[in-house]
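S.K.: any chance you could fold what I've pasted below:
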Amino acid sequence: MPSYQTTPAGFQRDPTALLADEFRRLALARGWGKKSAQYKTERVKFYGTAVVQDFARFWGDNDSRLQAWQELCHFLGVPDCPSSITQCKKALKHTHVNLIDLVDARRRNVKPRIFSSRTALAIYIRETKKIFPKGRAKANPLLKQFLVVVFGED
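M.R.: Just a heads-up that it's a prediction; the model follows:
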């Protein structure tokens, strides 16, 4: 079973397509049935890798780089861009966004959906199955800012 540290062999991602559409295309090519356990497992792996790759491409992976935090704040509509990393983190603390949607929005240059609470975001994640694996956030410390508990306790 592939771990998707990189894009799956023989699969060329379309930089303009939604990640869900890309995964469906991959699943079809690999013959994974939508209701199979393999489909569900591979979807989480695919999303984890795609989000880490695209997030790093758009905002970098250095959480001590003020410009990365400011670019995130700007993209997410934070008014009056903060002048320090601490201020950026505070400004983003109550910005609840699905990481898959965030990357998709940046790929398409549109604003992502912002949720009113962590609970509302968690419900959306469960309903849409747009699950980013928590362990993959270690690949990019900037991602940790947006993690929420979706299933059970943290």
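
S.K.: could I get the contacting residues of residue 135?
M.R.: residue 48 (CB atoms under 8 Å, 6 or more residues apart in numbering). Where you see a C-beta, it was placed from the backbone N, CA and C, and this is true even at glycine.

S.K.: run the chain-centre distance for stretch 95-103.
M.R.: Its chain's C-alpha centre and that of stretch 95-103 lie 6 Å apart, by CA atoms, centre = their mean, to the nearest Å.

S.K.: and the most centrally placed residue in the chain, how far from residue 9?
M.R.: The chain has residue 99 as the residue nearest its centroid, 2.6 Å off, counting by CA atoms, centre = their mean. Separation of residue 99 from residue 9 (CB to CB, to the nearest Å): 24 Å.

S.K.: residue 56 too?
M.R.: Per CB to CB, residue 56 is found 21 Å from residue 9.

S.K.: looking at those two, which is more packed in?
M.R.: Counted by other CB atoms under 10 Å, residue 56 and residue 9 do not tie: residue 56 has more neighbours, with 16 against 6.

S.K.: in a helix, that's where the more buried one is, yeah?
M.R.: Yes - assigned with DSSP: H, G, I helix; E, B strand; the rest coil, residue 56 falls within a helix.
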